[in-house]
Structures are given as C-alpha cells and as structure tokens.
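In: What shape does this take:
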Amino acid sequence: MATYIEAPPTPALANATFAALLRAISDNGGRLNTGILTTKWLMELLSARGRSDVALSLVLQTAFPSWGHMLEHGATTIWEHWDAYDNPSGAAMNSHNHPALSSVGAWLYRWLAGIRLGGYGTGYQEVLFGPSIVDAPSVSALGAGVASSPGPVRVDWSFHASTQTLVLV
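Out: The predicted structure follows:
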C-alpha cells in the first residue's frame, strides 16, 4: 500500500502560486472562473492573504459569472449555477435557491465585517474581530451583527479618504 505524505509548500512557492492566482483573476477580466467547490475557498484565501479588496471586487462584479449577474437577471436567492438562464454547458438548473454558491454570505460576515465566532462547542463564546476595511467607493461603510449566547455581536465600520471609523459591540 502506497503512503502519501503531503509536504507543506515553501513560502516562495505559496507566494508564487498566489501571485499566479491574482494574475488569473486579472486575465479573466476581474471575474470568477470557479465552480461550487472552489468559490468558497477562493474568497477565503484572498482575504486570508490580505486581498479582501480583490474578493470584494469579485462580489461586486455584474458581468457573467457573478452574484451581480444573478441579481441583474432577477435573482432574489443564490442560484445553483452561475448561468441559470443561458447555460452553455447544458447542465440542468435544479434550483434557484441553492446553498452551493452562497458561501459569499459567510465571507461577508467573516472577512468584510470581520466577525469570526469561535468556541463552537460552547455556544460561540469566543469572538475574533478582524474587519477588512477596504478603500472601495461602492462600499464606504458596513454594518453587520449576529446573535451569540453571551449576547449580540456587532461591527460597524466606515472608510472615507480622511477618516476611518470602527465600532465593535
């Protein structure tokens, strides 16, 4: 029986791979080129590597494929596929209310708002605040909150050229 041992990437390899990912996004016109499984991890990786600005630009994109494309075509929920009505792949659209691409909602809370709940076995007793305050004209302020067993958790931030404000509750 073969044994597989995964070696962690060197920092140089990780940095080169991340740079290639950023180039691929740029070469694709700043649009997604991912599916159900990788979209969640793409958004998480971009923010974990300090590029929430790139992730936010993907969220705000309206060209196909994007969440904005869904909105421009009347979506009130997250679709199963990016291309619900004009599907060149021929894949059947089984649901217009599907969790597959909805990880963007969790990304908005975890990274843009910066609310990261921990202590899962104890009713989310731990909270890490780490908002990604971005310089984006279309998102100059953000507010988000969740209920937790110790009480409400809320983040509000705003960014303007001359001032930045952060309020944590």
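In: In what element of secondary structure is R116 found?
Out: Applying DSSP states H and E as the criterion places R116 in strand 115-118.
In: Same check on A144?
Out: Applying DSSP H and E, one finds A144 within strand 141-148.
In: Run a quick neighbour tally on F64.
Out: 15 (other C-beta atoms under 10 Å). C-beta: built from backbone N, CA, C; applies to glycine.
In: can you check G145 too?
Out: G145, neighbours per other C-beta under 10 Å, totals 14.
In: my guess is it contacts V167, does it?
Out: No: counting by C-beta atoms under 8 Å, G145 stays clear of V167, with 11.1 Å between them.
In: Which neighbours do the two have in common?
Out: By the contact definition C-beta atoms under 8 Å, 6 or more residues apart in numbering, G145 and V167 are jointly contacted by 154-155.
In: which residues touch stretch 43-60?
Out: 18, 21-22, 25, 30-32, 42, 66-68, 103-104, 107-108, 110-112, 132, 134-136, 138-139.
In: what about burial for these, which qualify?
Out: With neighbours counted by 16 or more other C-beta atoms under 10 Å, these contain buried members at 21, 25, 31-32, 42, 66-68, 103-104, 107-108, 110-112, 132, 134, 139.
In: which stretches of this protein form helices?
Out: Assigned by DSSP state H, the helices in the chain fall at 11-27, 36-48, 52-60, 67-72, 103-107.
In: Can I get the second one in PDB, CA atoms only?
Out: Presented in PDB, the C-alpha positions along helix 36-48 are these (Å, rounded to 0.1, in the frame of the first residue of the first chain):
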ATOM      1  CA  ILE A  36     -19.300  25.200  -6.500                       C
ATOM      2  CA  LEU A  37     -16.400  23.800  -4.500                       C
ATOM      3  CA  THR A  38     -13.700  26.400  -5.200                       C
ATOM      4  CA  THR A  39     -15.600  29.600  -4.900                       C
ATOM      5  CA  LYS A  40     -15.800  29.400  -1.100                       C
ATOM      6  CA  TRP A  41     -12.100  28.700  -0.800                       C
ATOM      7  CA  LEU A  42     -11.100  31.400  -3.300                       C
ATOM      8  CA  MET A  43     -12.800  34.100  -1.300                       C
ATOM      9  CA  GLU A  44     -11.400  32.800   2.000                       C
ATOM     10  CA  LEU A  45      -7.900  32.600   0.500                       C
ATOM     11  CA  LEU A  46      -7.900  36.100  -0.900                       C
ATOM     12  CA  SER A  47      -8.900  37.600   2.400                       C
ATOM     13  CA  ALA A  48      -6.600  35.400   4.500                       C
END
